[in-house]
Structures are given as C-alpha cells and as structure tokens.
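A.B. asks: 3D model of this:
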Amino acid sequence: MHVAVLLVGILSARRSFAALGDDVSSVQADRAHINASLRTTPMSAYVLHELRSPSGAVVREFASASGRIFAVAWQGASQPDLRQLLGSHFEDFQQAVQAQNRRAVGGTLHVQQNGLVVEMGGHMRSIRGRAYLSDQLPAGVRAEDIH
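C.D. replies: Okay, here's the model as predicted:
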C-alpha cells in the first residue's frame with residue numbers, strides 16, 4: 001500500500017474522534033457524533049475508552065490519570081479522520097510524510113517526529129493504525145500496549 005492511498009483516505013474521511021493530547025471529556029461527544037457504543041475499562045496506568053460504530057469501526061482512546069488522551073488506535077473498513085484524531089499533531093505527521101516522501105514498508109507506514117509516533121496500514125476495507133505521544137506514555141505503559 002502506498003502512502004498516496006493512505007493520504008487519500010485521510011482527506012476523504014468523515015468520522016470525528018478525540019484528538020491526541022485533548023481532554024478525556026471529548027470522548028462522550030465522539031460517542032454521540034458517530035452513534036457509537038462506548039466501553040470504558042480502567043487499566044493500571046490509564047483508562048481505555050473503546051468506541052464501536054454501527055459500521056463496525058473501532059477507535060480506542062487511551063487516557064492518562066490526568067485525563068489527557070496520550071494514544072489512539074483504530075481499525076475499520078476505512079481510514080478515520082487523522083486530522084481530527086491527531087489534533088494539533090497532524091501538521092507534524094503531514095510534514096514528516098511529505099519531507100521523507102514516505103512509502104509504506106510491508107503495507108505499514110511508520111512516522112516518528114517531535115514525540116509523535118504514527119503507524120498505520122492494512123488493505124482495502126481493513127485499515128488499522130495507532131498514534132501516540134512517546135513522551136506522554138504513563139509509567140509502565142509500552143508502545144506495544146497500544147492496539
């Protein structure tokens with residue numbers, strides 16, 4: 001899968017979710033916006049908010065004890081709105097992709113810039129990804145925990 005295909009998905013996305021670094025209070029607005037079910041699971045170092053839309057798309061928002069979204073993960077038939085998901089970090093993502101003229105390796109795109117890590121890939125009708133702020137991961141939380 002080439003970056004161009006992923007970027008087309010970014011530009012044509014219609015969903016709205018809490019942005020990386022935002023306050024956890026936005027989770028309820030996200031749930032209402034996409035008519036999703038919400039399951040909240042307290043973990044040892046964070047709270048996991050899982051939104052599941054009627055179309056089957058799933059977005060997981062990871063909130064720290066301070067109430068900030070430090071990571072998001074998604075899977076579904078189409079790419080979610082990365083501008084909304086990444087919030088103020090979207091420009092860093094976009095610049096990294098453009099500056100490096102990135103191509104997906106093995107169907108996965110990996111971008112790391114200014115503490116932002118974004119990984120995404122998949123194929124038609126099966127897109128997955130995650131984004132996190134490496135400098136805001138709570139103690140004891142590893143990147144592998146975000147899925």
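A.B. asks: For burial, what's the neighbour tally of residue 123?
C.D. replies: For residue 123, the neighbour count with other C-beta atoms under 10 Å is 10. C-beta coordinates here come from the backbone N, C-alpha and C atoms, glycine included.
A.B. asks: repeat for residue 21
C.D. replies: 15.
A.B. asks: Likewise for the one 5 residues further on?
C.D. replies: Counted by other C-beta under 10 Å, the residues lying close to residue 26 total 18.
A.B. asks: How much space separates it from residue 61?
C.D. replies: Separation of residue 26 from residue 61 (C-beta to C-beta, to the nearest Å): 8 Å.
A.B. asks: again, but for residue 38
C.D. replies: Counting by C-beta to C-beta - residue 38 and residue 61 are separated by 10 Å.
A.B. asks: Determine the residues that are contacts of both of these two.
C.D. replies: 27, 49-51 (C-beta atoms under 8 Å, 6 or more residues apart in numbering).
A.B. asks: Point to the residue nearest the middle of this structure.
C.D. replies: residue 72 (3.7 Å; C-alpha atoms, centre = their mean).
A.B. asks: Verify the stated contact: it with residue 51.
C.D. replies: No. With contacts defined as C-beta atoms under 8 Å, residue 72 does not count as touching residue 51, sitting 10.1 Å away.
A.B. asks: follow-up on the earlier one: tell me which of residue 38 and residue 61 has more neighbours.
C.D. replies: Neighbours of residue 38 and residue 61, each counted by other C-beta under 10 Å, are more numerous for residue 61; the result is 28 against 14.
A.B. asks: For whatever helix or strand that one lives in, which helices and strands make contact with it?
C.D. replies: If you go by DSSP states H and E, residue 61 is part of strand 58-63. Counting contacts by 3 or more C-beta pairs under 8 Å, 6 or more residues apart in numbering; DSSP states H and E, strand 58-63 is packed against helix 26-33, strand 47-52, strand 69-76.
A.B. asks: low pLDDT regions in the chain?
C.D. replies: 1-18, 100-107 (pLDDT under 70).
A.B. asks: circling back: ok, which pair from the shared contacts of residue 38 and residue 61 is furthest apart?
C.D. replies: Taking C-beta to C-beta as the measure, these reach their widest spread between 27 and 50, a distance of 9.9 Å.
A.B. asks: In terms of neighbours, single out the busier of those two.
C.D. replies: residue 27 (23 against 16).
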